[in-house]
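Trainee: Please work out how this folds:
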Amino acid sequence: MIVLKITNASEVVAGKIGKFLESLTPDSFDQAKVEDEVVKKLVENLQMEGLKGEVASINGLDLVGSSLVIHEPTAVRRHQSF
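Mentor: Numbers count the residues shown, from 1 in each chain. A predicted model of the protein is given here:
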């Protein structure tokens, strides 16, 4: 299993839509938008390589150093098979 943590979602969104508009959107929206785009591109690339599997974006998990922290509630936000 691979865990990917994106730590600069707000900066990426700000670079795409501008600082002013980014300041009007909540950080959780920025994180979800970036995660959705990463999942989409990841699935496309893995399919091109002939790999099969599943990828999910999960709320309530956090990678802290070498530990995986589970918060309540934990829920799958997006799931895609490829």
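Trainee: Show me what the longest helix along the chain is packed against.
Mentor: Scanning the chain for the helix with the most residues, using DSSP state H, yields helix 27-48. Judged by 3 or more C-beta pairs under 8 Å, 6 or more residues apart in numbering; DSSP states H and E, helix 27-48 is in contact with helix 9-17, strand 54-64, strand 67-81. C-beta: built from backbone N, CA, C; applies to glycine.
Trainee: Single out the most deeply packed of the ones you listed.
Mentor: With neighbours defined as mean count of other C-beta atoms under 10 Å, the helices and strands packed on helix 27-48 peak in mean count at helix 9-17, which reaches a mean of 16.
Trainee: residue contacts, the most centrally placed residue in the chain?
Mentor: Closest to where the C-alpha atoms of the chain average out (C-alpha atoms, centre = their mean) is residue 35, at 2.5 Å. Contact analysis of residue 35 by C-beta atoms under 8 Å, 6 or more residues apart in numbering lists 6, 9, 57, 77, 78.
Trainee: JSON lines please, covering the residues you listed and showing distance to residue 16 and pLDDT.
Mentor: Formatted as JSON lines, the contacts of residue 35 follow (distance: C-beta to C-beta, whole Å; pLDDT from 0 to 100):
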{"residue": "6", "distance to residue 16": "14", "pLDDT": "85"}
{"residue": "9", "distance to residue 16": "11", "pLDDT": "81"}
{"residue": "57", "distance to residue 16": "19", "pLDDT": "93"}
{"residue": "77", "distance to residue 16": "21", "pLDDT": "92"}
{"residue": "78", "distance to residue 16": "20", "pLDDT": "93"}
